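Asker: Can you look at this prediction? I've put the sequence above it.
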Protein chains: 2
Amino acid sequence: MRIALDAMGGDHAPGPIVAGAVEAVRDREDLTVLLVGDKLRVETELLKHPDAHIDRLPIIHASEVIGMEDKPVEALRRKRDNSISKSWQLLATGEANAVVSAGNTGAMVASALMNAKMFLPGVRRPGIAAIFPSHRGPVAIIDVGANMAAKAEDLYQYGIMGSIYAEHVLGVAEPKIGLLNVGSEDDKGTELTKATRALFQNGPLADRFIGNVEGRDIYDGHARVVVCEGFVGNVLLKAGEGAVEFLFSQLKQEMAKLLPSLPPEAGLVIGAGLKDLKTRFEYQEFGGGPLLGLRGACIICHGSSRERAIKNALRVAGTMAEERVSAEFISQLTAALGGPATS
Amino acid sequence: MRIALDAMGGDHAPGPIVAGAVEAVRDREDLTVLLVGDKLRVETELLKHPDAHIDRLPIIHASEVIGMEDKPVEALRRKRDNSISKSWQLLATGEANAVVSAGNTGAMVASALMNAKMFLPGVRRPGIAAIFPSHRGPVAIIDVGANMAAKAEDLYQYGIMGSIYAEHVLGVAEPKIGLLNVGSEDDKGTELTKATRALFQNGPLADRFIGNVEGRDIYDGHARVVVCEGFVGNVLLKAGEGAVEFLFSQLKQEMAKLLPSLPPEAGLVIGAGLKDLKTRFEYQEFGGGPLLGLRGACIICHGSSRERAIKNALRVAGTMAEERVSAEFISQLTAALGGPATS
């Protein structure tokens, strides 16, 4: 298994990115991580890990970096020798089976979309899945921003691919699929939701489709795959992050007010408890969201990713790039599209 | 000031609904609340408040009730003598200046939309505002579900009306207006967001428009009015409720685990603190969300509303129905539409 890692992508790159790769190759013996980025800077980071398996951590030099605030398409054109484009090239040529990056999400997606030959057969537009927590465990919401003009067939494909992802990566047996909507009745929503519902109800995964899921239902976890337009999913994902941050800041203020009424050691215990809870909300366990619909595998990590998130993303990307998962993507998509698919 | 209150609407109706009305007329001497609902049941509730100002709490009989789970349009047709339709009729005939209901939101909106004569001049489709908390105070998000096929001009009108609402009800001086989007750059988003942005940038409120607001920015409160499509707003509102519920349930579990390490009195102090914080997240202060774009005023309350929420909704509806606010709606909409508006 060979994974191209954008060593320059993310708020804290390259330090914790390289450190995550060092850990990942230690955990999996058949894994090689291609560190894509500025040779000198990556080498300097590798030297901090004298016991690293450097034979399975080759550096692929890329002289330029696309910043987190760069305009994606413009930056891709201007900085030809950037680490994101070079990572995708490694996937396209077969030198890598998967790509992982915590860099500029827009550039990651735009770079992938520029090469339709990379798409799985029958896939019109890839979609990004994000992992939300729920009472029953992780839920995959797809799409959270790759596709700003989704058609019903796209959402339908996201449901199929999301369901394979939930099974193989989240470990959910026969995951239920829901359609994000504004009410529970069949006739609710927009033209897009109505057309999507019809595709699910008449397709081979009809028994997994549980119909409409409202915003608040996400957290009960009855559906472990929830499909929606990229615009809606993106707003939802970022608003969720904002809400958690806001709530924890309010909670901290509230607890600070209570502290004078509590014995001194209580503050430490509560502080540790809150920190533990907040970590659980930061979804580092799966390292990031997969970009579904491509040959090979791709995990897009949060810009704030550190060692643990990168290590987990490399593990998940490895699982997704394995023969059996790729084969299942193709066979289920083909079945859903009603016969041998054409790209 | 005369407000029609749907006494039968909501999960706990009619008890706490009538109780909220009793409190509201006590607080404001020029207020009359028309209690719309089953005469016998409402009378029974009123008798529980022997010191109520019953001269300003007349009952308007409606023999039928639209349930929270009823399909809106179908129920409105089947149950002609329902308390929601009757409340709107009181507004249409001028017997009431405002309407308040904690009943079936879909039926409230559908009933209002059936009578375009009720719309403010120039308004194409009314929108519902919901109040979100933020670091700088309450933020109005519009639309959260009245309009499932919004055009750019609708979102533009929501910005104008939301800004008047934020000023007069939320008490924000010169509230900034933001456009919910998937990134901060001008060219981000959909055709709808691009067209909406152009209207704001070229209109009379251009100096209040701060451009794109991402999901996580809502909670920083830089924009106190955020406009979006009804589908997106509805998902966002319900997902926010779900996230808060989920987070508090996790928090409770976490605290329960910590309790054995804390002295007994700490549990009580923490429990009270969390309850206080949760209440603040339930937005009862403004009683509910206004349906903006109608002559008179309308507040749609959460189905779970109790006495305090209803009392506050009646206060807010009273403010919004006042001469100066209504006049400002009309003059600013007219100015924004570039001349005397036609309906």
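Answerer: All right, it came through fine. Numbers count the residues shown, from 1 in each chain, chains lettered A, B, ... in the order given.
Asker: remind me which residues of the stretch 151-300 of chain A are low pLDDT?
Answerer: Applying pLDDT under 70 to the stretch 151-300 of chain A flags the ranges A:280-286.
Asker: Show me the strands in the stretch 1-150 of chain A, by range?
Answerer: A:2-6, A:32-37, A:59-61, A:98-101, A:127-132, A:139-142 (DSSP state E, counting those that start in this stretch).
Asker: Dump these into JSON lines; add distance to B:Ile54, mean neighbour count and mean pLDDT as well.
Answerer: For glycine as for every other residue, the C-beta is placed from the backbone atoms N, C-alpha and C. Shown next, in JSON lines, are the strands of the stretch 1-150 of chain A (distance: least, C-beta to C-beta, whole Å; neighbours: other C-beta atoms under 10 Å in any protein chain shown; pLDDT from 0 to 100):
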{"stretch": "strand A:2-6", "distance to B:Ile54": "72", "mean neighbour count": "29", "mean pLDDT": "98"}
{"stretch": "strand A:32-37", "distance to B:Ile54": "77", "mean neighbour count": "26", "mean pLDDT": "98"}
{"stretch": "strand A:59-61", "distance to B:Ile54": "82", "mean neighbour count": "18", "mean pLDDT": "98"}
{"stretch": "strand A:98-101", "distance to B:Ile54": "69", "mean neighbour count": "32", "mean pLDDT": "97"}
{"stretch": "strand A:127-132", "distance to B:Ile54": "50", "mean neighbour count": "26", "mean pLDDT": "93"}
{"stretch": "strand A:139-142", "distance to B:Ile54": "51", "mean neighbour count": "30", "mean pLDDT": "96"}
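Asker: Quick one: closest of those to chain B.
Answerer: Of all the strands of the stretch 1-150 of chain A, strand A:127-132 sits nearest to chain B, with 8.8 Å by C-beta to the nearest C-beta.
Asker: That closest one and chain B, are they touching?
Answerer: No - judged by C-beta under 8 Å from any C-beta of the partner chain, strand A:127-132 stays clear of chain B, getting no closer than 8.8 Å.
Asker: how about the nearest residue to A:Ala75, chain neighbours excluded?
Answerer: Spatial nearest neighbour of A:Ala75, chain neighbours left out: A:Ile66 (4.6 Å); criterion: C-beta to C-beta, 6 or more residues apart in numbering or on different chains.
Asker: now A:Ala195
Answerer: Closest to A:Ala195 by C-beta to C-beta, 6+ apart is A:Ala152, at 3.6 Å.
Asker: likewise A:Gln332?
Answerer: Per C-beta to C-beta, 6+ apart, closest to A:Gln332 is A:Ile160, 5.4 Å.
Asker: Tell me, how many residues neighbour the residue in the stretch 51-200 of chain A positioned nearest to chain B?
Answerer: Nearest to chain B, among the residues of the stretch 51-200 of chain A, is A:Val182, at 4.3 Å (C-beta to the nearest C-beta). By other C-beta atoms under 10 Å in any protein chain shown, the residues close to A:Val182 number 24.
Asker: follow-up on the earlier one: list the residues that contact the residue nearest to A:Ala75.
Answerer: A:Gly9, A:Pro72, A:Ala75, A:Leu76, A:Lys79, A:Asn82, A:Ser83, A:Ile84, A:Gly103, A:Asn104, A:Ala107 (C-beta atoms under 8 Å, 6 or more residues apart in numbering or on different chains).
Asker: hmm, try it at 6 Å
Answerer: A:Ala75, A:Lys79, A:Asn82, A:Ile84, A:Asn104, A:Ala107 (C-beta atoms under 6 Å, 6 or more residues apart in numbering or on different chains).
Asker: so is A:Leu333 in a helix, a strand, or just coil?
Answerer: Of the three states, A:Leu333 takes helix under DSSP: H, G, I helix; E, B strand; the rest coil.
Asker: Look up the pLDDT of the residue lying closest to it once chain neighbours are set aside for me, please.
Answerer: Closest residue to A:Leu333 apart from its sequence neighbours, by C-beta to C-beta, 6+ apart: A:Gly122 at 5.1 Å. On the pLDDT scale, A:Gly122 is placed at 88.
Asker: Does A:Pro175 touch A:Ile164 like I think?
Answerer: No - using C-beta atoms under 6 Å, A:Pro175 is not in contact with A:Ile164; the gap is 9.0 Å.
Asker: Please determine whether the top helix by length along chain A lies in contact with chain B.
Answerer: Determined from DSSP state H, the single longest helix within chain A is helix A:230-258. Yes - interface with chain B: helix A:230-258 contributes A:231-232, A:234-236, A:238-243, A:246-247, A:254, A:258 (C-beta under 6 Å from any C-beta of the partner chain).
Asker: Just the closest of those to B:His168, please.
Answerer: A:Phe246 (25.4 Å; C-beta to C-beta).
Asker: Now do the contacts for the closest one.
Answerer: B:Tyr219.
Asker: measure it to A:Lys257 for me?
Answerer: A:Phe246 sits 17 Å away from A:Lys257, going by C-beta to C-beta, to the nearest Å.
Asker: How about the contacts made by the closest residue to the residue of the stretch 51-200 of chain A closest to chain B other than its chain neighbours?
Answerer: Distances taken as C-beta to C-beta, 6+ apart place B:Asn234 nearest to A:Val182, at 4.3 Å, with adjacent residues excluded. B:Asn234 sits next to A:Val182, B:Val144, B:Gly145 when contact means C-beta under 6 Å, 6+ apart.
Asker: any chance of those in TSV, with distance to B:Ala116 too?
Answerer: Formatted as TSV, the contacts of B:Asn234 follow (distance: C-beta to C-beta, whole Å):
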residue	distance to B:Ala116
A:Val182	22
B:Val144	21
B:Gly145	19
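Asker: wait, which of those residues is closest to B:Thr196?
Answerer: Once C-beta to C-beta is applied, the member of the contacts of B:Asn234 that ends up nearest B:Thr196 is B:Val144, at 16.4 Å.
Asker: thought that closest one was touching B:Lys238?
Answerer: No - using C-beta under 6 Å, B:Val144 is not in contact with B:Lys238, being 8.7 Å away.
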